[in-house]
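S.K.: following is a predicted model, sequence given first.
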Amino acid sequence: MYILRKEMIAIPTECPSCKSSLKLVKDILYCLNDHCPAKWDKRVEGFAKHLKIKGLGPSAIQKLQIQDFHDLYSLSSEEISDCLNSDKLGEKLYLAIEQSKESGLEELLPAFGIPLVGRSVSAKLCAVVDDISQINWDSCRQAGLGPKATQNIIDWINNEFYSNEYDKLPFSFKKKQKKR
């Protein structure tokens, strides 16, 4: 027979990456620092996954030292190859990044990690709008989005999209036209 000892585990109070305060929400710890390097790396990783940028995993992200999405799209093939110490991997990653520039609004919205805005919400919204400038409360309602998802996407457009100059990224932010 085994006897389990009940010991209290101390909940960390600071982020191991940036040393900022942590907040416990529904048994999950969150770093409160918007500029935390670990949070940023995860955002880039999620962005790359949604846009199918093969080769941009945790190791490559750290080696490339990407500070924002603009950095990702400003890298040359040579810079990527130098950081990864491989011409072959560098060229493949560069081509994948270039190919991601053709992503439509339906792929882009979930890629930015907007809370409650995944592929299905994005698909519903893109059935109603043609480009990001048409997203508003009314278009979200027409798409059948709930109030929280609507608030999140409107807040993201108002507070992040323009202030972080995402509109200057090499995307059209338009819905892709279906091929016939």
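M.R.: Happy to help now that I have it.
S.K.: for stretch 143-155, which outside residues touch it?
M.R.: Under the criterion C-beta atoms under 8 Å, 6 or more residues apart in numbering, residues 109, 114-117, 121, 124-125, 127-129, 135-137, 140-141 lie in contact with stretch 143-155. Backbone N, C-alpha and C define where each C-beta goes, glycine included.
S.K.: buried ones in it, by neighbour count?
M.R.: Buried residues in stretch 143-155, counted by 16 or more other C-beta atoms under 10 Å: 143, 145, 149-150, 152-153.
S.K.: and what of stretch 7-20?
M.R.: Those would be 15, 18, for stretch 7-20 by 16+ other C-beta under 10 Å.
S.K.: quick one, helices of the chain?
M.R.: 37-50, 58-64, 69-74, 77-84, 87-100, 105-111, 119-126, 137-142, 147-156 (DSSP state H).
S.K.: identify whichever of those lies nearest to K19.
M.R.: With C-beta to C-beta, the closest approach to K19 among the helices of the chain belongs to helix 37-50: 11.1 Å.
S.K.: how close does the closest residue to K174 other than its chain neighbours sit to S20?
M.R.: Nearest residue to K174 in three dimensions, chain neighbours excluded: D131, at 4.2 Å (C-beta to C-beta, 6 or more residues apart in numbering). Per C-beta to C-beta, to the nearest Å, D131 is found 36 Å from S20.
S.K.: same check on L32?
M.R.: 6 Å.
S.K.: same deal with K26?
M.R.: 20 Å.
S.K.: show me the contacts for F69.
M.R.: Residues in contact with F69, defined by C-beta under 8 Å, 6+ apart, are 44, 47, 164, 166, 169.
S.K.: are any of those residues buried, and which?
M.R.: 44, 47, 166, 169.
S.K.: I'd like these laid out as a markdown table, including distance to A38 and pLDDT.
M.R.: Output for these, formatted as a markdown table (distance: C-beta to C-beta, whole Å; pLDDT from 0 to 100):
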| residue | distance to A38 | pLDDT |
| --- | --- | --- |
| V44 | 11 | 93 |
| F47 | 15 | 96 |
| Y166 | 21 | 94 |
| L169 | 23 | 96 |
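S.K.: dump the residues you listed to TSV, plus distance to S76.
M.R.: Listed next are the buried ones among the contacts of F69 as TSV, based on distance: C-beta to C-beta, whole Å:
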residue	distance to S76
V44	18
F47	20
Y166	21
L169	17
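S.K.: just these now: which is nearest L84?
M.R.: Within those, the smallest distance to L84 is 15.0 Å, found for V44 (C-beta to C-beta).
S.K.: ok, for that closest one, nearest residue in space, not its chain neighbours?
M.R.: Closest to V44 by C-beta to C-beta, 6+ apart is I61, at 5.2 Å.
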